[in-house]
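J.: Following is a predicted model, sequence given first.
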Amino acid sequence: MIGQADAEAAFLEAWQADRLHHAWLLAGPQGMGKGSFAMRVARFLVTHGRSGDATTLDDPGDSAASRLADAGNHPEIIHLTRQPKDKGKELARNITIDQVRGMIRRLHLSLSLGEWRVVIIDAVDDLETDGANALLKTLEEPPARTLFLLVSHSPGRLLPTIRSRCRILRFQPVGRDVMTSWLHDLRAMLDMAEVRAIVTASGGVPGKALALIDSDVAALEKKLLAIATTGDPGNRLRDALAREIGGSSNRERLELVIDIVPGLLARIARERPVAEIAPVLAQWDRIQRTVRDAIRGSYDGAMVGFEIGNCLAELAPREAQPAR
């Protein structure tokens, strides 16, 4: 994990003072490492006592409990997540009410090892309505020595009554300098142009950055910038973009373009006089509408790509645009 020292410090401060709130909402964009943080907290609690002087969640603690936690077999760590459907690879749409009921039954049992039981729900956004209501009742009357860690990518969509019973830890996007240094250390062979492109496209989300490492982001960014610079007379670049990201097999390339465009437009806006920023913002609004409408409809990648190209072409200097 990178860039989340504040969240770790806040938790350890509460633990050291023996004032742990019974429920913590880990809120932030998907890919920030919230699930990994929850697992580190769970491992820490089941390998330590009620309070102490540890200064990091990676403090080893009790070795026997640590081995069980690392193997995923510790009896006091309960992990709820979406399960595979019909023994296949595809995951169920929700965390079911039956999973929540099973968790509640385990909460009535006495602790069999250590001083803490930890429940991780990743993500709490995935709970069925009945499951969310059942969880709420448990949060209202929590068992002793039980800690709930609720991972949420969209906390605004949760029941307000669930949010109100949690202490919130917000996981903020990581700064550009920290992300750049981290990626350089992680993949020293990446050239700096590629690192900068990944950092921009990831929006400060480490998980997204990892997914982009082998995607040749810099080359795709260069193609998009060429459309915005030349106006693409004859539509050659736009046609090529539509072919590259069209079709169901190219969905990841389409999503990559959607990730790249905001940073690219911000870069163009920074390089232009203040009086010329409004057209950039207008094209960004147009791109957002295009993507939103496509998601609601058939999600035609070729159409989305060509229309994004049209928006970028509108930003080319007037002398580079074809006469109308």
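T.: Right, received. Where do you want to start?

J.: check contacts around the residue lying closest to residue 145 once chain neighbours are set aside.
T.: Counting by Cβ to Cβ, 6 or more residues apart in numbering, residue 145 lies nearest to residue 116, which is 5.6 Å off, once chain neighbours are set aside. Quick note: C-beta positions are derived from backbone N, CA and C, even for glycine. The contact partners of residue 116, by Cβ atoms under 8 Å, 6 or more residues apart in numbering, come to 45-46, 50, 76, 145-147.

J.: ok, residue 116 to residue 124 distance?
T.: Between residue 116 and residue 124 the computed distance is 20 Å (Cβ to Cβ, to the nearest Å).

J.: cool, and residue 118?
T.: If you go by Cβ to Cβ, the gap between residue 118 and residue 124 works out to 14 Å.

J.: The two: who's more crowded?
T.: Just comparing residue 118 and residue 124: by other Cβ atoms under 10 Å the higher neighbour count belongs to residue 124, 29 against 24.

J.: so what pLDDT did the more buried one get?
T.: We have a pLDDT of 95 for residue 124.

J.: What sits closest to it if chain neighbours are left out?
T.: The shortest distance from residue 124 to any residue other than its chain neighbours is 4.1 Å, reached at residue 150 (Cβ to Cβ, 6+ apart).

J.: Could you spell out the sheet neighbours of the helix or strand that neighbour falls within, each with its direction?
T.: In the assignment (DSSP states H and E), residue 150 maps to strand 146-152. Strand 146-152 has these partner strands in its sheet, going by DSSP bridges: strand 23-27 (parallel), strand 117-122 (parallel).

J.: What's the local residue count around residue 273?
T.: Residue 273 has 6 neighbours, counted by other Cβ under 10 Å.

J.: Now tell me what touches stretch 38-57 from outside.
T.: When contacts are defined by Cβ under 8 Å, 6+ apart, stretch 38-57 is touched by residues 1, 8, 11-12, 15-18, 24, 26, 58-62, 65-66, 68-70, 74, 76-77, 113-116, 118, 120, 122, 147, 149, 151.

J.: Keep only those of the residues you listed that are in helices.
T.: Cross-referencing the contacts of stretch 38-57 against helices under DSSP state H gives 8, 11-12, 15-16, 65-66, 68-70.

J.: and these, which are buried?
T.: Neighbour-count burial (16 or more other Cβ atoms under 10 Å) is assigned, among those, to 8, 11-12, 15, 65-66, 68-69.

J.: Turn the residues you listed into JSON lines, columns for distance to residue 191 and pLDDT.
T.: Formatted as JSON lines, these follow (distance: Cβ to Cβ, whole Å; pLDDT from 0 to 100):
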{"residue": "8", "distance to residue 191": "32", "pLDDT": "92"}
{"residue": "11", "distance to residue 191": "38", "pLDDT": "93"}
{"residue": "12", "distance to residue 191": "38", "pLDDT": "93"}
{"residue": "15", "distance to residue 191": "43", "pLDDT": "92"}
{"residue": "65", "distance to residue 191": "45", "pLDDT": "91"}
{"residue": "66", "distance to residue 191": "40", "pLDDT": "90"}
{"residue": "68", "distance to residue 191": "44", "pLDDT": "93"}
{"residue": "69", "distance to residue 191": "39", "pLDDT": "92"}
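
J.: quick one: low-confidence ranges for the stretch 151-300 of the chain?
T.: Filtered on pLDDT under 70, the stretch 151-300 of the chain yields the residue ranges 297-298.

J.: Which parts of it are helices?
T.: Listed in chain order, the helices of the stretch 151-300 of the chain (DSSP state H, counting those that start in this stretch) span 160-164, 176-186, 192-202, 206-212, 217-230, 236-245, 251-270, 277-296.
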